[in-house]
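Enquirer: Here's my sequence, what's the structure:
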Amino acid sequence: MVKSQTKPHNANYAWIQHFLYHLAPTGTAGFVLAKGSLTSNTSNEGEIRKALIEANLVDCIVNLPAKLFLNTQIPASIWFMKRGRTTKDILFIDARNMGHLINRRTREFSHEDTDYIAQIYHNWKNNKEYEDIKGFCKSASLEEVRELNYVLTPGRYVGLEEVDDEFDFKERFLELQKELQEQMKQEQELNKRINENLAKVIVNV
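Expert: Sure, this is the predicted structure:
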C-alpha cells in the first residue's frame, strides 16, 4: 500500500488504498469515484495521487457523464489500478458525451457504449490496434502527467474533438432557428390549451 497521511475524512483515497491493499502482486481493481478525486488537493489528496502515479499503480481513468447514477447527478470517474504494470503510460478516456438521456434526470449507456469503452481499454492493454482518438482517448506518458501536476482529468489529455471541415455553420444555424420556431409555436399552443382548461375550471367552481 502507498504510504501516506490519509486522514479519516479523506474517504476517496482511503477507499483506493483499501483496494490496493487487497490486490494480488499483478492484480487489477476498477472502481467508481467522484470526479473531484481526479484533481483535489485538499486533505493531502494531491500528494497521495502523486504517490500512486509515481508508484506506477494508475492504469486507466474514464471520465463519465453526469446523471448516470440514480442516487446522484454529479459526474463520476472510473479508476483502474494495477500492480506489476510493465508500462508507465496511463490511458485516459473521456466518455462525458456518450450515452443518451432516458429522462431529464437520468442518462444511460447502451451495451454498444460500454463495449466500445471496454474494447479501447483492452486494445491498449494488449498493444492491439490501439490509436489515440482526439477528444476521446489518449495514452499519456508519465512525463505528461507530471507536467500537468498529477491531475488525472481525461479532458486535459485527450484534447478537443476534431471539427468536421465540411461543417456548414450557416446551414446548421438555420436548422436550429427553424427548430426553435417550431418549439415556440408548440409552446403557444400548449399555453392556449392550458388557459382554455383553466377557464373551464373557473366556470365550474
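Enquirer: dump the residue contacts of Asn63.
Expert: Going by CB atoms under 8 Å, 6 or more residues apart in numbering, Asn63 touches 35, 38, 75, 77, 92-96, 153-155. Placement of C-beta: from N, CA and C, glycine included.
Enquirer: Near the nearest residue to it once chain neighbours are set aside, how many other residues are there?
Expert: Spatial nearest neighbour of Asn63, excluding adjacent residues (CB to CB, 6 or more residues apart in numbering): Pro154 at 4.3 Å. Neighbours of Pro154 under the rule other CB atoms under 10 Å: 24.
Enquirer: pretty sure Pro154 is touching Ser139, no?
Expert: No - Pro154 lies out of contact with Ser139 (CB atoms under 8 Å); the separation is 11.5 Å.
Enquirer: tell me, what's touching these two both at once?
Expert: Phe92.
Enquirer: need the contact list for Ser77.
Expert: Here Ser77 is in contact with 32-35, 37-38, 61-64, 152, 154 (criterion: CB under 8 Å, 6+ apart).
Enquirer: Let's verify it: helix, strand, or coil?
Expert: strand (DSSP: H, G, I helix; E, B strand; the rest coil).
Enquirer: Same question for Asn191.
Expert: helix.
Enquirer: Which pLDDT value does the model give it?
Expert: pLDDT for Asn191: 77.
Enquirer: what's the spacing between the closest residue to Arg49 other than its chain neighbours and Asp94?
Expert: Excluding the flanking residues, the one nearest Arg49 by CB to CB, 6+ apart is Tyr150, at 5.5 Å. Relative to Asp94, Tyr150 is positioned 18 Å away (CB to CB, to the nearest Å).
Enquirer: These two: which is more packed in?
Expert: More neighbours surround Asp94 than the other of Tyr150 and Asp94, with 24 against 21 (other CB under 10 Å).
Enquirer: which residue sits closest to the more buried one, ignoring its sequence neighbours?
Expert: Leaving out its chain neighbours, the residue that sits closest to Asp94 by CB to CB, 6+ apart is Pro154, at 4.1 Å.
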